[in-house]
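Asks: Curious how this folds, go ahead:
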Amino acid sequence: MSLIPSLFSERRSNVFDPFSLDAWDPFQGFFTSSALANASGSTARDIAAFTNARVDWKETPEAHVFKADLPGLKKEEVKVEVEDKDILQISGERSKENEEKSDKWHRVERASGKFMRRFKLPENAKMEEVKATMENGVLTVTVPKAPEKKPEVKSIDISG
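Replies: A predicted model of the protein is given here:
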């Protein structure tokens, strides 16, 4: 879930998810497709296709693994950062394609622009050991987990 509420997405957060940072969006529905289309020639769906990069987050026994689909981007165009020791931030930008005066566009479906996704990680995340790889347009960020501390059990002798 994103820390910053989206103005373009219809997805809402799960109020029971402790790691969800989506907040109530007072502008939900305020920005319509037609208003955005008039501003830039694109629809909200076109803009949202890239600005809200979809990310999967799974937890394994060893790590938290994030996978983001970022087709057409090079690793130099993507930033992975750790903020405040518990926030993972993935951001980047796809540049607009150069337009030639003689070109006649029939359809523009690939979105351009900036994106940013932020995730608050649980206390067991080892933020100093984060690793990221990019292969075939898929960014994989692995955040290792600290070993689970087992409670110390002390046996007490019963007298009497």
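Asks: what's the least confident helix or strand in this structure, going by average pLDDT?
Replies: Across the helices and strands of the chain, mean pLDDT, DSSP states H and E gives its lowest value to helix 33-40, namely a mean of 43.
Asks: Who are the contact partners of the closest residue to residue 121 other than its chain neighbours?
Replies: Spatial nearest neighbour of residue 121, excluding adjacent residues (Cβ to Cβ, 6 or more residues apart in numbering): residue 86 at 5.3 Å. Every residue, glycine included, has its C-beta placed from N, CA and C. When the contact criterion is Cβ atoms under 8 Å, 6 or more residues apart in numbering, the partners of residue 86 are 120, 121, 123, 125, 127.
Asks: helix or strand for the third one, which one?
Replies: When you say that, I think you mean residue 123. Using DSSP states H and E, residue 123 maps to neither a helix nor a strand.
Asks: in this protein, which spans are helices?
Replies: Counting by DSSP state H, the segments of the chain that form helices are 33-40, 44-51.
Asks: Give the rounded mean pLDDT of the last one.
Replies: Rounded to a whole number, the mean pLDDT of helix 44-51 is 48.
Asks: Spell out the residue ranges of the strands in the chain.
Replies: Assigned by DSSP state E, the strands in the chain fall at 55-59, 63-69, 78-83, 87-94, 113-120, 131-135, 138-144.
Asks: circling back: which of the contacts of residue 86 are buried, as a ChimeraX select command?
Replies: Selection command for ChimeraX covering only the buried members of these, criterion 16 or more other Cβ atoms under 10 Å:
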select :120,121,125
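Asks: for the contacts of residue 86, which one is nearest residue 152?
Replies: Sorting the contacts of residue 86 by distance to residue 152 puts residue 123 at the head of the list, at 19.0 Å, by Cβ to Cβ.
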